[in-house]
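Engineer: requesting a structural model of the entry that follows:
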Amino acid sequence: MTPSNIAHIEHSFRLVAPQAEAAAAGFYRRLFELDPSLRPLFQHTDIVAQGRKLMQALGFVVANLKVPDQLLPVVAAMGARHAGYGVQEAHYPLVGAALIETLEGALGEGFTPEVRQAWTAAYGLLAEVMIKAARPPGSPLQAAA
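Structural biologist: Presented below is the predicted three-dimensional model:
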């Protein structure tokens, strides 16, 4: 992550944070539009509470982008936990698309190409760490990521 990417993410997240509940609701709405088969993963989940967790997790990520040694172990643990919830590698691109579209909707004209690139880069890194952590220990795929 470049300093410029981090600055774009920090600034844009400050603009999204006041509309956190609506943004989270929009994220899950878009995710389920992209892949309705993901709904059962949340069948026993209070989606409003889950949205708060999502926004808290994003806030943690944004606050710690400058300290990857603190951020990445937490993200890896999250990836391992998500595997236990039934999240598969194929879901990560869908989540990324829903996130980017949600940010675009929340930021409007403030979602510049630079902001898009910064969030896309950050999500790519986080998804890679989570996917690797979710793979079985000793798996040739775990070492490959």
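Engineer: what residues does the residue sitting nearest the centre point of the chain make contact with?
Structural biologist: The residue lying closest to the centre of the chain (Cα atoms, centre = their mean) is Tyr123, at 5.9 Å. Neighbouring residues of Tyr123 by Cβ atoms under 8 Å, 6 or more residues apart in numbering: 96, 99-100. C-beta here means a position set from N, CA and C on the backbone, and glycine is covered the same way.
Engineer: how about Phe27?
Structural biologist: Phe27 sits in contact with 51, 54, 98-99, 102, where contact means Cβ under 8 Å, 6+ apart.
Engineer: sec struct for it, please.
Structural biologist: helix (DSSP: H, G, I helix; E, B strand; the rest coil).
Engineer: and it, what pLDDT?
Structural biologist: Looking at Phe27, its pLDDT reads 98.
Engineer: now Gln142
Structural biologist: pLDDT recorded at Gln142 is 48.
Engineer: thought Leu38 was touching Phe32?
Structural biologist: Yes. The criterion here is Cβ atoms under 8 Å, and Leu38 meets it with Phe32 at 6.2 Å.
Engineer: residues in contact with stretch 32-43: which ones?
Structural biologist: Against stretch 32-43 from outside (Cβ under 8 Å, 6+ apart): 28, 31, 50, 85-87, 91, 94, 97-98.
Engineer: could I get the buried residue list for that stretch?
Structural biologist: Neighbour-count burial for stretch 32-43 flags 32, 38 (criterion: 16 or more other Cβ atoms under 10 Å).
Engineer: gap between the two ends of that stretch?
Structural biologist: Counting by Cα to Cα, to the nearest Å, you get 12 Å between the two ends of stretch 32-43.
Engineer: average pLDDT for it?
Structural biologist: 94.
Engineer: just stretch 92-111 next, same as before
Structural biologist: Stretch 92-111 carries an average pLDDT of 97.
Engineer: assign a three-state SS to the residue of the chain positioned farthest from its centre, would you?
Structural biologist: Most distant from the centre of the chain: Gly138, at 25.8 Å, with distances by Cα atoms, centre = their mean. With three-state DSSP as the basis, Gly138 sits in coil.
Engineer: next: Glu89.
Structural biologist: coil.
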